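Chemist: Show me the folded form of this:
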Amino acid sequence: MAHYHARQVRLDLWIIAALTLMGAIRVQVAWAPEYRWWLVPLALSIVVLLAASALPWPRILRRPGVPAGLTAWYAASLAGVYVFNLFDDDGLAIYPAGAIVVVVAASALLKPGTTVGLGLFAQAGYLLLAVTAAQPSPVLVASLSMVLTVVIGLCVLTAHSRRQQETERAVAERRSEAMLENGSDAVLALADGRVVFASSSSGRVLGRDASKFGTEDLVAMTHPDDLAPVTAWMVELSAAAPGHTARIDSRCLHTDGRWINVQVTGTNRLHDPHVAAVVLTIRDVSEQKALEGELTRQAFQDALTGLPNRSLLRDRMNQAVARNLRSGGRVELLLVDLDDFKKVNDTLGHAAGDELIRAVASRMGGCIRPADTLARLGGDEFAVLVEGLDDLELAALAERLLEIVRLPVRVGNRDLVTTASIGIASAKITHTMTEADTHELLRDADLAMYAAKTAGRDRYVVFDESMYADAVQEAEARVRLEQALADDEFVVHYQPIVDLPSGRLIGVEALVRWQHPELGLLAPDTFISLAEQTGLIVPLGHRVLTESCRQVAAWHRDVPGAEQLRVSVNLSARQFQHTDLVADVAGALRDSGIDPGRVVLEITESLLMQDTDATIRTLHELRDLGVQIAIDDFGTGYSSLSYLRRFPIDILKIDKAFIDGIATDPDDATLAEAVVQLGRALRLQTVAEGIENLDQHSLLSALGCTYGQGYLFARPAGPVQIEALLHQSRDTGEPDDDPADWWSTPEPVSPPPA
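Modeler: Next up is the predicted model:
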């Protein structure tokens, strides 16, 4: 707006100078010679007016009192017109023209009210001129006075309209300025190497006074490393097509001394006559960059140790492959897994485990080369990526890693000692190698690491192809096992349990078999360990439990004399630790309708010693359902008498290893007798497993062992055969009959050995 007013002042100075020049011409042409002296003041006036037009009006107009001075100047111009026409014979005709010129010129700057006042002043001068003139023409005076009045009225309307436009423009400018001021961006306009506009928000965003912003500030605040590309970008933008927009990221020095990240968007408006500049929008993206950096760090860095994570390791593996393509070098990977780390978390808490992880990571980082990569893959698993080592150097590195892991780590008030298992894999880089091959390198190291675990831990193992073949075979077996479970290929066989003194059939033990469509009936030792490893033992064990409960409940209903038959079902370690075990047992009891007291759940002695408090809670919950608890393979574990008294158990099953030599080895006989006496002291029933001959049967019966099972009585058989045995047992007589020797017939009903 100031520039508009300044241009209007200059224009008015030129208009009045032209009016003055016309007056001088009239003096020269129409006035008498004695009045030619008027040319001097008129010429001086023209010179002053033209000189005044060269003054810095944009700055002058900002000074207080200047608007009032302009009003006085226009009034003085009207007074000059009046005085001039006092001496002119045609003054009454000339005055209105001069007054109109002055009022029209003034209306472009003055307020409507001031314009009215100036118009009245002009009208008063004309009337005064008419009064003092000799023989004025009333018609002429009236006509010109009316013309003057109309023009003044039009000037007032024009001034009012202009005033409204200026107000609206000022409001719009203020609105735009407020938006720019409160916006998140700084806006600059550059033309001819100068900053011709800087938004007020520049001070807040960049820390520099918008009114004093210059190109030297732009250069000074640009980071030295970014100055050359930013300069080239500006040159390219200025030479681009009209309206072209480009973007660049840079760093700027804030006045508080910190470097901020900015995103600069530039648009070429040099060809726009209303702008004629390159417009830059500068946005502070420091927080965004910081967030991106943090997200990148989280994506590629382990939060606990600060080491590269799995994603970054894979990227560096790809880089290592690319580096060794030309030379045909080698890339090696060592996978390091801490042994029994879970025990640290379980016994001391995760905080202690985290401290141990950090300490081990720091130590391993100190024994590798700067060019090597140590990464944490998750949990207690690390990887070391190296290049160009031969087999001896790899072995030496693995030994160093094992040694530093063995060093005690002080956590709180105790020293923790751990070991590690390391798998080593290497690959010679060729031009045919792809990213998939780097994944295979990680896979091979993982297989070697598990081989080290299997071999006894605290050692390293180098990968060979047989490991992969074994892994493939195991994976295929796992898939086949899953399919067998889905296709209901597992069947339950039952081995009778007899009362040793009477020979009466009192129960059965449920044993799972795999009815393989190609290989026939498979014994548990061919698939149970794999089921344990894969977790399939949980659904498999649940199926055995539900099926055996259903079958025995059916015998209770359908076979006379079998109402008291009990069924023993083994619970694996993984099944026992399953969170839904108690609910699964309750569901099997409910769905089958079997008397819970006729169900015996067998667990191994070693399982009792794993988290004894949790084991006791689970056993009590199972006992609350009404089932009985038996310890299987008793004597092979390491439970003590004090622990046995804490556990809610009902039955001890003597392991077959003690039964095999009971008739020939006095030590085995002594151990068997000790177990029987221990059971009697604790008021527990005893069951001898693996009885295969009459001597074993007689000795165990004499020792007071309650029950027994083994091939002497019957091999595991399907439900049809067991039901036949139940009928045969009933037909031999009541329990008191002598002897009840259904099991000693020459041709017992049983399938061939599984």
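Chemist: could you pull out the strands for the stretch 101-250 of the chain?
Modeler: Ranges of strands in the stretch 101-250 of the chain, per DSSP state E, counting those that start in this stretch, are 185-191, 194-198, 245-253.
Chemist: Mean neighbour count, those strands: which tops it?
Modeler: strand 185-191 (a mean of 20; mean count of other C-beta atoms under 10 Å). For every residue, glycine as well, the C-beta is placed using N, CA and C.
Chemist: Please save the CA atoms from it in PDB.
Modeler: Extracted in PDB, the C-alpha atoms of strand 185-191 (Å, rounded to 0.1, in the frame of the first residue of the first chain):
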ATOM      1  CA  ASP A 185       6.600 -22.200   7.000                       C
ATOM      2  CA  ALA A 186       8.700 -19.200   6.200                       C
ATOM      3  CA  VAL A 187       8.000 -17.600   2.800                       C
ATOM      4  CA  LEU A 188      10.600 -15.700   0.800                       C
ATOM      5  CA  ALA A 189      10.500 -14.100  -2.600                       C
ATOM      6  CA  LEU A 190      13.800 -13.700  -4.500                       C
ATOM      7  CA  ALA A 191      14.300 -11.500  -7.600                       C
END
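Chemist: Name the strands paired with that strand and say parallel or antiparallel.
Modeler: When pairing is defined by DSSP bridges, strand 185-191 lines up against strand 194-198 (antiparallel), strand 277-284 (antiparallel).
Chemist: quick revisit: any chance of the strands of the stretch 101-250 of the chain in TSV, with mean pLDDT too?
Modeler: Shown next, in TSV, are the strands of the stretch 101-250 of the chain (pLDDT from 0 to 100):
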stretch	mean pLDDT
strand 185-191	85
strand 194-198	84
strand 245-253	91
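Chemist: now the ones you listed in a markdown table, with distance to Leu313?
Modeler: Formatted as a markdown table, those follow (distance: least, C-beta to C-beta, whole Å):
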| stretch | distance to Leu313 |
| --- | --- |
| strand 185-191 | 40 |
| strand 194-198 | 49 |
| strand 245-253 | 29 |
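Chemist: Quick check: which ranges of the stretch 51-200 of the chain have low pLDDT?
Modeler: 172-184 (pLDDT under 70).
Chemist: That one: helices as residue ranges?
Modeler: Using DSSP state H, counting those that start in this stretch, the helices of the stretch 51-200 of the chain run over 57-60, 66-86, 91-107, 112-132, 138-182.
Chemist: Compare the strands of the stretch 101-250 of the chain and give me the one nearest Ala277.
Modeler: Among those, strand 185-191 comes nearest to Ala277, with 3.9 Å by C-beta to C-beta.
Chemist: contacting residues for the residue lying closest to Ser327 once chain neighbours are set aside?
Modeler: Counting by C-beta to C-beta, 6 or more residues apart in numbering, Ser327 lies nearest to Ile429, which is 7.9 Å off, once chain neighbours are set aside. Neighbouring residues of Ile429 by C-beta atoms under 8 Å, 6 or more residues apart in numbering: 321, 324-325, 327-331.
Chemist: try it again with 10 Å
Modeler: Counting by C-beta atoms under 10 Å, 6 or more residues apart in numbering, Ile429 makes contact with 320-331, 387, 437.
Chemist: Which of these fall within helices?
Modeler: 320-323, 437 (DSSP state H).
Chemist: quick one: which two of those residues are the most distant?
Modeler: Pairwise across these, and taking C-beta to C-beta, the largest span is found between Arg323 and Asp437, at 14.8 Å.
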